[in-house]
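Undergrad: what follows is a protein structure lacking sequence information:
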């Protein structure tokens, strides 16, 4: 009899593992999730293994993302133009723009809704997040200024909002929709860190130009950035524009060289995250960043949207 009971228990545990069974919640406290000042509706959040689990659909949609779920593969997809995050019920492995990342707790189903770790998901979506007094508070990393027919591309409140600066891709170049990825969580070599720029997906070999004139202060291979170039601005000394993951450089560049606004710097690639020559660990794209004199990152997304209407000719 005891052997029969043991077999039933083992079978039940195996079935639960296959179905992504709910982990045991800790305690019975009432938790709240607030995004951009509004309480998120849906399945009641619950604490599991030290992580506040939230219903992914209302949570992500409140931050401006679309959510889809495939019942056959048990795959959850959170997306908006230029960004996607895929997760699976019962599995901590996820993919952010085709790059492997790991959830702190495996997603599971509760009352027909997929539950995911809220703090982890907020960071993945580039939002600002805090937790206190049983409340998870989330705000988008960048709230765009209102647009109108007469002002479709509002000027950001920034000293770099120079209308003569140019977009890093020239006229006629192909690139894809991009999102505000400042502060989004990144993972490499066992370390999670905050993203310090904007990723613009584009085909391999797409030309990249200098947004503004300046002096090259860093050139060559960087472990994370691959083939990159950092330019100190002529009209803002002590501030830097950073272009990373290039497949190759334009001729004639070197550390100390001066470049003009609109000058060819190199070409889109996927280099980085390893020793020199490493490529293909993520999709082809340009990483564009801005740094102050203390190498503190500044959000480049609103500025890129502002410069997008001004493209150089090659």
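TA: Sure, I can see it. What you see is a predicted model; the values in this text were computed from it and never measured. Numbers count the residues shown, from 1 in each chain.
Undergrad: burial count for residue 310?
TA: Neighbour count of residue 310, defined by other Cβ atoms under 10 Å: 16. (C-beta placed from N, C-alpha, C; glycine too.)
Undergrad: on the pLDDT front, check it for me.
TA: Predicted confidence (pLDDT) for residue 310: 93.
Undergrad: contact partners for it?
TA: Counting by Cβ atoms under 8 Å, 6 or more residues apart in numbering, residue 310 touches 163, 164, 165, 166, 167.
Undergrad: drop anything exposed from those residues.
TA: Neighbour-count burial (16 or more other Cβ atoms under 10 Å) applied to the contacts of residue 310 gives 165, 166, 167.
Undergrad: picking up where we left off before, which one of the contacts of residue 310 sits closest to residue 136?
TA: residue 167 (36.2 Å; Cβ to Cβ).
Undergrad: separation between the closest one and residue 250?
TA: As judged by Cβ to Cβ, to the nearest Å, residue 167 and residue 250 stand 17 Å apart.
Undergrad: likewise for residue 229?
TA: Applying Cβ to Cβ to residue 229 and residue 250 gives a distance of 9 Å.
Undergrad: C-terminal to the lowest-mean-pLDDT helix or strand in the chain, what's the next element?
TA: Of the helices and strands making up the chain, the lowest-confidence element is helix 2-19, at a mean of 45, by mean pLDDT, DSSP states H and E. Where DSSP states H and E defines the elements, the next helix or strand beyond helix 2-19 is strand 32-35.
Undergrad: gap between stretch 88-95 and the chain center?
TA: 18 Å (Cα atoms, centre = their mean, to the nearest Å).
Undergrad: tell me, how many neighbours does residue 298 end up with?
TA: When neighbours are defined as other Cβ under 10 Å, residue 298 has 17 of them.
Undergrad: swap in residue 39?
TA: Using other Cβ under 10 Å, residue 39 has 10 neighbouring residues.
Undergrad: ok, for it, nearest residue in space, not its chain neighbours?
TA: residue 32 (6.1 Å; Cβ to Cβ, 6 or more residues apart in numbering).
Undergrad: same question, residue 289
TA: Once flanking residues are discounted, residue 289 sits nearest to residue 197: 3.2 Å by Cβ to Cβ, 6+ apart.
Undergrad: what's the one you found in contact with, if anything?
TA: By Cβ under 8 Å, 6+ apart, the residues touching residue 197 are 181, 182, 242, 244, 287, 288, 289, 290, 297, 300.
Undergrad: just among those, which is most surrounded?
TA: Most surrounded of those: other Cβ under 10 Å gives residue 300, at 27 neighbours.
Undergrad: is it correct that the residue nearest to residue 39 is in contact with residue 135?
TA: Yes - at 4.6 Å, residue 32 and residue 135 qualify as touching, with contact defined as Cβ atoms under 8 Å.
Undergrad: quick one: low-confidence parts of the stretch 101-250 of the chain?
TA: Scanning the stretch 101-250 of the chain for pLDDT under 70 picks out 141-155, 184-185, 187.
Undergrad: which parts of it are helices?
TA: In the stretch 101-250 of the chain, the helices defined using DSSP state H, counting those that start in this stretch lie at 118-124.
Undergrad: that older thread, and the residue nearest to residue 289, how far is that from residue 104?
TA: Distance of residue 197 to residue 104, given as Cβ to Cβ: 25 Å.
Undergrad: settle this for me: residue 80 is touching residue 181, isn't it.
TA: No - Residue 80 is beyond contact range of residue 181, at 11.2 Å (criterion: Cβ under 8 Å).
Undergrad: mind listing the strands for the stretch 101-250 of the chain?
TA: In the stretch 101-250 of the chain, the strands defined using DSSP state E, counting those that start in this stretch lie at 108-110, 113-117, 128-132, 135-139, 185-188, 191-194, 198-201, 207-209, 214-222, 226-233, 240-249.
Undergrad: among the ones you listed, which is nearest residue 58?
TA: That would be, of the strands of the stretch 101-250 of the chain and by Cβ to Cβ, strand 113-117, which comes in at 8.3 Å.
Undergrad: the closest one packs against which elements?
TA: If you count contacts as 3 or more Cβ pairs under 8 Å, 6 or more residues apart in numbering; DSSP states H and E, strand 113-117 packs onto strand 51-55, helix 56-62, strand 108-110.
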